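K.L.:
Predicted model and sequence below, questions to follow.
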Amino acid sequence: MSRYTGPKARVARRLGTNIWGTKGEAVALDKRPYPPGEHGRTRRRGNVSEYLIQLQEKQKARFTYGLTERQFRNLYKEANRKQGVTGENMLQFLELRLDNLVYRVGWAATRSQARQFVNHGHINVNGRRVDICSYRLRKGDVVSVRPKSKDNHTFQWNNDVVDRPAPAWIDMAGEGWEATVRSRPIREQIDVPIRESLIVELYSK
(Lines give C-alpha, C1' and ligand atoms only; values in the text may rest on other atoms or scores of the structure.)
Protein backbone atom coordinates (compact mmCIF):
# COMPACT_ATOMS: atom_id res chain seq x y z
CA MET A 1 0.00 0.00 0.00
CA SER A 2 1.49 3.31 -1.08
CA ARG A 3 -0.25 5.60 1.35
CA TYR A 4 -1.79 5.68 4.79
CA THR A 5 -5.58 5.27 4.82
CA GLY A 6 -6.26 4.88 8.56
CA PRO A 7 -7.58 7.41 11.10
CA LYS A 8 -5.77 10.69 10.44
CA ALA A 9 -6.68 12.36 13.72
CA ARG A 10 -4.97 9.60 15.70
CA VAL A 11 -1.73 10.08 13.79
CA ALA A 12 -1.94 13.85 14.23
CA ARG A 13 -2.45 13.48 17.98
CA ARG A 14 0.37 10.97 18.30
CA LEU A 15 2.82 13.25 16.47
CA GLY A 16 1.44 16.50 17.91
CA THR A 17 0.90 18.27 14.60
CA ASN A 18 -1.71 18.58 11.83
CA ILE A 19 -0.10 16.28 9.25
CA TRP A 20 -2.64 16.41 6.42
CA GLY A 21 -3.99 19.90 7.09
CA THR A 22 -7.59 18.80 7.55
CA LYS A 23 -10.23 20.33 9.80
CA GLY A 24 -10.78 17.04 11.61
CA GLU A 25 -7.16 16.91 12.71
CA ALA A 26 -7.27 20.51 13.92
CA VAL A 27 -10.40 19.84 15.97
CA ALA A 28 -8.92 16.66 17.46
CA LEU A 29 -5.68 18.41 18.43
CA ASP A 30 -7.61 21.27 20.00
CA LYS A 31 -9.97 19.07 22.01
CA ARG A 32 -7.47 16.36 22.97
CA PRO A 33 -3.89 17.69 22.73
CA TYR A 34 -2.32 14.45 23.91
CA PRO A 35 -1.51 11.08 22.30
CA PRO A 36 -4.37 8.63 21.67
CA GLY A 37 -4.91 5.56 23.81
CA GLU A 38 -5.81 4.75 27.38
CA HIS A 39 -2.64 6.29 28.79
CA GLY A 40 -2.43 9.16 26.34
CA ARG A 41 -2.99 11.88 28.93
CA THR A 42 0.03 10.83 30.99
CA ARG A 43 2.32 9.61 28.23
CA ARG A 44 4.05 12.95 27.71
CA ARG A 45 4.72 13.61 31.38
CA GLY A 46 7.58 11.15 31.65
CA ASN A 47 10.97 11.30 30.02
CA VAL A 48 10.90 11.03 26.25
CA SER A 49 13.73 9.04 24.73
CA GLU A 50 16.00 10.44 22.04
CA TYR A 51 15.01 7.59 19.76
CA LEU A 52 11.30 8.41 20.10
CA ILE A 53 11.91 12.06 19.18
CA GLN A 54 13.88 11.03 16.10
CA LEU A 55 11.27 8.46 15.10
CA GLN A 56 8.46 11.01 15.42
CA GLU A 57 10.28 13.45 13.15
CA LYS A 58 10.71 10.73 10.55
CA GLN A 59 7.04 9.81 10.79
CA LYS A 60 6.03 13.46 10.42
CA ALA A 61 7.96 13.73 7.17
CA ARG A 62 6.80 10.36 5.88
CA PHE A 63 3.11 10.99 6.53
CA THR A 64 3.27 14.61 5.35
CA TYR A 65 4.57 13.66 1.92
CA GLY A 66 2.72 10.33 1.71
CA LEU A 67 5.62 7.88 1.41
CA THR A 68 5.94 4.29 2.59
CA GLU A 69 8.78 3.35 4.91
CA ARG A 70 10.71 1.71 2.06
CA GLN A 71 10.28 4.73 -0.21
CA PHE A 72 11.41 7.08 2.55
CA ARG A 73 14.47 5.00 3.42
CA ASN A 74 15.50 4.80 -0.24
CA LEU A 75 15.08 8.56 -0.52
CA TYR A 76 17.35 9.03 2.50
CA LYS A 77 19.99 6.75 0.98
CA GLU A 78 19.94 8.76 -2.24
CA ALA A 79 20.15 12.04 -0.33
CA ASN A 80 23.07 10.67 1.67
CA ARG A 81 24.97 9.78 -1.49
CA LYS A 82 24.51 13.23 -2.98
CA GLN A 83 27.02 15.97 -2.24
CA GLY A 84 25.79 18.50 0.31
CA VAL A 85 23.81 18.35 3.56
CA THR A 86 21.88 15.07 3.69
CA GLY A 87 18.83 16.45 5.50
CA GLU A 88 18.43 19.36 3.12
CA ASN A 89 18.92 17.09 0.12
CA MET A 90 16.16 14.85 1.43
CA LEU A 91 13.69 17.71 1.89
CA GLN A 92 14.59 19.04 -1.54
CA PHE A 93 13.78 15.67 -3.13
CA LEU A 94 10.44 15.61 -1.30
CA GLU A 95 9.53 19.13 -2.39
CA LEU A 96 10.35 18.37 -6.03
CA ARG A 97 7.83 15.53 -6.19
CA LEU A 98 5.11 16.24 -8.74
CA ASP A 99 2.25 15.74 -6.29
CA ASN A 100 3.86 18.17 -3.86
CA LEU A 101 4.09 20.90 -6.51
CA VAL A 102 0.40 20.42 -7.35
CA TYR A 103 -0.32 21.01 -3.66
CA ARG A 104 2.12 23.91 -3.30
CA VAL A 105 0.58 25.98 -6.09
CA GLY A 106 -2.97 25.55 -4.74
CA TRP A 107 -4.43 23.28 -7.39
CA ALA A 108 -5.22 20.80 -4.63
CA ALA A 109 -6.47 21.45 -1.10
CA THR A 110 -4.31 18.70 0.42
CA ARG A 111 -1.37 16.56 -0.68
CA SER A 112 -3.68 13.54 -0.71
CA GLN A 113 -5.92 15.30 -3.21
CA ALA A 114 -2.87 16.35 -5.23
CA ARG A 115 -1.78 12.71 -5.39
CA GLN A 116 -5.20 11.75 -6.68
CA PHE A 117 -5.12 14.43 -9.37
CA VAL A 118 -1.76 13.18 -10.62
CA ASN A 119 -2.82 9.53 -10.52
CA HIS A 120 -5.94 10.33 -12.56
CA GLY A 121 -3.90 11.99 -15.30
CA HIS A 122 -4.94 15.62 -14.82
CA ILE A 123 -1.38 17.00 -14.88
CA ASN A 124 1.08 17.65 -17.71
CA VAL A 125 4.84 18.06 -17.38
CA ASN A 126 6.47 19.83 -20.32
CA GLY A 127 3.33 19.21 -22.38
CA ARG A 128 3.08 15.48 -21.69
CA ARG A 129 0.77 13.76 -19.26
CA VAL A 130 2.50 12.34 -16.18
CA ASP A 131 0.57 10.18 -13.71
CA ILE A 132 3.45 9.24 -11.38
CA CYS A 133 3.20 11.09 -8.07
CA SER A 134 6.87 10.59 -7.19
CA TYR A 135 8.06 12.04 -10.51
CA ARG A 136 10.93 14.35 -9.60
CA LEU A 137 10.86 17.74 -11.24
CA ARG A 138 13.93 19.61 -12.43
CA LYS A 139 14.80 23.24 -12.91
CA GLY A 140 12.94 24.57 -15.94
CA ASP A 141 10.17 21.96 -15.96
CA VAL A 142 6.74 23.37 -16.82
CA VAL A 143 3.82 21.78 -14.99
CA SER A 144 0.25 22.51 -16.06
CA VAL A 145 -3.31 21.34 -15.60
CA ARG A 146 -4.59 19.55 -18.70
CA PRO A 147 -7.04 21.72 -20.70
CA LYS A 148 -10.05 19.45 -20.13
CA SER A 149 -9.34 19.24 -16.41
CA LYS A 150 -9.56 23.00 -15.91
CA ASP A 151 -13.35 22.73 -16.12
CA ASN A 152 -13.42 20.15 -13.32
CA HIS A 153 -15.46 21.64 -10.47
CA THR A 154 -12.88 20.58 -7.86
CA PHE A 155 -10.08 22.33 -9.71
CA GLN A 156 -12.27 25.39 -10.13
CA TRP A 157 -13.21 25.43 -6.45
CA ASN A 158 -9.60 25.10 -5.33
CA ASN A 159 -8.50 27.82 -7.74
CA ASP A 160 -11.13 30.19 -6.32
CA VAL A 161 -10.98 29.27 -2.63
CA VAL A 162 -7.57 27.85 -1.70
CA ASP A 163 -5.43 30.83 -0.78
CA ARG A 164 -1.95 29.33 -0.97
CA PRO A 165 0.68 31.47 -2.71
CA ALA A 166 3.30 29.53 -4.63
CA PRO A 167 6.73 29.37 -2.98
CA ALA A 168 9.60 31.44 -4.34
CA TRP A 169 11.09 28.54 -6.31
CA ILE A 170 7.98 28.27 -8.49
CA ASP A 171 6.82 30.77 -11.15
CA MET A 172 3.13 30.90 -12.03
CA ALA A 173 1.65 31.70 -15.46
CA GLY A 174 -1.28 30.82 -17.69
CA GLU A 175 -3.88 32.44 -15.42
CA GLY A 176 -2.65 30.28 -12.57
CA TRP A 177 -2.85 26.96 -14.43
CA GLU A 178 0.84 26.71 -15.30
CA ALA A 179 3.84 26.46 -12.97
CA THR A 180 7.53 26.53 -13.83
CA VAL A 181 10.25 25.25 -11.53
CA ARG A 182 12.47 28.32 -11.25
CA SER A 183 15.14 26.65 -9.13
CA ARG A 184 15.72 23.90 -6.62
CA PRO A 185 14.14 24.86 -3.28
CA ILE A 186 16.50 25.86 -0.49
CA ARG A 187 15.79 25.09 3.17
CA GLU A 188 14.47 28.60 3.91
CA GLN A 189 11.78 28.09 1.25
CA ILE A 190 10.49 24.82 2.74
CA ASP A 191 7.98 25.59 5.48
CA VAL A 192 7.32 22.10 6.82
CA PRO A 193 7.74 21.80 10.64
CA ILE A 194 10.29 19.00 10.39
CA ARG A 195 13.73 18.79 12.00
CA GLU A 196 15.49 16.87 9.27
CA SER A 197 18.72 16.55 11.26
CA LEU A 198 16.94 14.19 13.67
CA ILE A 199 15.87 11.98 10.76
CA VAL A 200 19.46 11.80 9.56
CA GLU A 201 20.58 10.84 13.08
CA LEU A 202 17.94 8.09 13.19
CA TYR A 203 19.00 6.50 9.92
CA SER A 204 22.71 6.94 10.64
CA LYS A 205 22.59 4.55 13.58
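P.N.:
Everything's here; your move. Numbers count the residues shown, from 1 in each chain.

K.L.:
which helix in this protein runs the most residues?
P.N.:
helix 50-65 (DSSP state H).

K.L.:
Determine the set of other helices and strands touching that helix.
P.N.:
Helix 50-65 sits against helix 8-15, helix 69-81, helix 86-95, helix 196-204, with contacts defined as 3 or more Cβ pairs under 8 Å, 6 or more residues apart in numbering; DSSP states H and E. The way it works is simple: take the backbone N, C-alpha and C, and place the C-beta from them, glycine included.

K.L.:
ok, now with 7 Å
P.N.:
Counting contacts by 3 or more Cβ pairs under 7 Å, 6 or more residues apart in numbering; DSSP states H and E, helix 50-65 is packed against helix 8-15, helix 196-204.

K.L.:
and the ones you listed as JSON lines, adding mean pLDDT?
P.N.:
Below are those laid out as JSON lines (pLDDT from 0 to 100):
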{"stretch": "helix 8-15", "mean pLDDT": "70"}
{"stretch": "helix 196-204", "mean pLDDT": "94"}
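
K.L.:
Determine which of these approaches Q189 most closely.
P.N.:
For Q189, the closest of the helices and strands packed on helix 50-65 is helix 196-204, at 14.0 Å, according to Cβ to Cβ.

K.L.:
can you give me the angle that closest one makes with helix 50-65?
P.N.:
110 degrees (axes from the mean of the first three to the mean of the last three Cα atoms, to 10 degrees).

K.L.:
Include mean neighbour count and distance to K60 when you put the helices and strands packed on helix 50-65 into a markdown table, please.
P.N.:
Formatted as a markdown table, those follow (neighbours: other Cβ atoms under 10 Å; distance: least, Cβ to Cβ, whole Å):
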| stretch | mean neighbour count | distance to K60 |
| --- | --- | --- |
| helix 8-15 | 19 | 5 |
| helix 196-204 | 18 | 9 |
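
K.L.:
Mind putting the ones you listed into a markdown table with distance to R104?
P.N.:
Output for the helices and strands packed on helix 50-65, formatted as a markdown table (distance: least, Cβ to Cβ, whole Å):
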| stretch | distance to R104 |
| --- | --- |
| helix 8-15 | 20 |
| helix 196-204 | 18 |
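
K.L.:
out of those helices, nearest to L67?
P.N.:
Across the helices and strands packed on helix 50-65, closest to L67 is helix 196-204 (Cβ to Cβ), at 12.1 Å.

K.L.:
hmm, back to that, wait, which of the helices and strands packed on helix 50-65 is closest to I123?
P.N.:
Of all the helices and strands packed on helix 50-65, helix 8-15 comes closest under Cβ to Cβ, at 24.1 Å.

K.L.:
Tell me which helix or strand in the chain has the weakest average pLDDT.
P.N.:
helix 40-43 (a mean of 60; mean pLDDT, DSSP states H and E).

K.L.:
burial measure for R187, as a count.
P.N.:
Neighbour count of R187, defined by other Cβ atoms under 10 Å: 11.

K.L.:
Setting aside sequence neighbours, what's the nearest residue to the spatially most central residue of the chain?
P.N.:
Closest residue to the average C-alpha location of the chain: Y65 at 3.1 Å, with Cα atoms, centre = their mean. Nearest non-adjacent residue to Y65, counting by Cβ to Cβ, 6 or more residues apart in numbering: L94, 4.8 Å away.
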